[in-house]
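Chemist: Dropping a prediction and its sequence here:
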Amino acid sequence: MGKKFLRYFSFVIILFTLAFIILSGNNRSVVMTSNINSVKSLQAVHIVNKYNSIKEIEKVKEPTLYNNFYDAISVASSNPVAFIGTLTAYGPDCPGCSGNSACPPRQNFKNGNIYFEDQVYGKVRVVAADRSIPCGSIVRISGINIYSEPILAIVMDRGGAVNGNHMDLLFTSQSNLEGFATSHNIKFELIRYGW
């Protein structure tokens, strides 16, 4: 009877410890737990990592809106910024396009994949931006004519005509832009500056 009670008590203590660690929000820590048979719990590690990723997204401060793109970019490395600009669309098969991203890991877009799997923000759209915005930057784009909600995009590409407050959203092909029309007065919120 005593051994059974000790095992039950140990299991309860482990559960409370895991709950405390998860609820404490200890960012960047990886916790390995063991069950009563001393087997490491990989599921607990995934729960903690997912919780830490969500906490990191929630930590993002509200971006400051700038009237001038270059003023915004001059402080973007230390503060989230926003600016108003123009959004166009392109396909990987556009004239002069190679079909591969200009930014590492040089993803091939000709296979119809217009998303990138980011470690923190998950599955996000791909956008081409001015060279002053580093590769890997995360942008929340609001006011697109074919989407009712803002979208998250990652800067993974460049373009000869993509300068200043102009970005270019990737679609599966140049002939299939899903009813998109060039959109002005788009709000771009730069919530992560580079990788």
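Modeler: Here it is on my side, so go on.
Chemist: Quick check: can you list the domain ranges of the chain?
Modeler: Domain assignment for the chain by automatic domain parsing gives 2-58, 64-192.
Chemist: Turn those into CSV, columns for mean pLDDT.
Modeler: Output for those, formatted as CSV (pLDDT from 0 to 100):
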stretch, mean pLDDT
domain 2-58, 59
domain 64-192, 94
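Chemist: deepest of the ones you listed, which one?
Modeler: domain 64-192 (a mean of 17; mean count of other C-beta atoms under 10 Å). Every C-beta, even on glycine, is put in place using the N, C-alpha and C of the backbone.
Chemist: what's the span of that one, first residue to last?
Modeler: For domain 64-192, the first-to-last residue distance is 13 Å (C-alpha to C-alpha, to the nearest Å).
Chemist: from now on call the first residue 682
Modeler: Yep, numbering from 682; the last one is domain 745-873 now.
Chemist: isn't there a helix covering residue 696?
Modeler: Yes: counting by DSSP: H, G, I helix; E, B strand; the rest coil, residue 696 is part of a helix.
Chemist: Quick check: it vs residue 687, distance?
Modeler: 15 Å (C-beta to C-beta, to the nearest Å).
Chemist: name the element residue 768 belongs to?
Modeler: Assigned by DSSP states H and E, residue 768 belongs to strand 762-771.
Chemist: counting contacts, what elements does that strand pack onto?
Modeler: Here strand 762-771 touches strand 745-747, helix 750-756, strand 847-851, strand 864-873, going by 3 or more C-beta pairs under 8 Å, 6 or more residues apart in numbering; DSSP states H and E.
Chemist: Just tell me which of these ends up closest to residue 819.
Modeler: Residue 819 lies closest to strand 864-873 among the helices and strands packed on strand 762-771, at 3.9 Å (C-beta to C-beta).
Chemist: quick one: contacts for the residue nearest the centre of the chain?
Modeler: For the chain, the residue sitting closest to the mean C-alpha position, by C-alpha atoms, centre = their mean, is residue 802 at 3.0 Å. Taking C-beta atoms under 8 Å, 6 or more residues apart in numbering, we find residue 802 in contact with 738, 819, 833, 835, 873.
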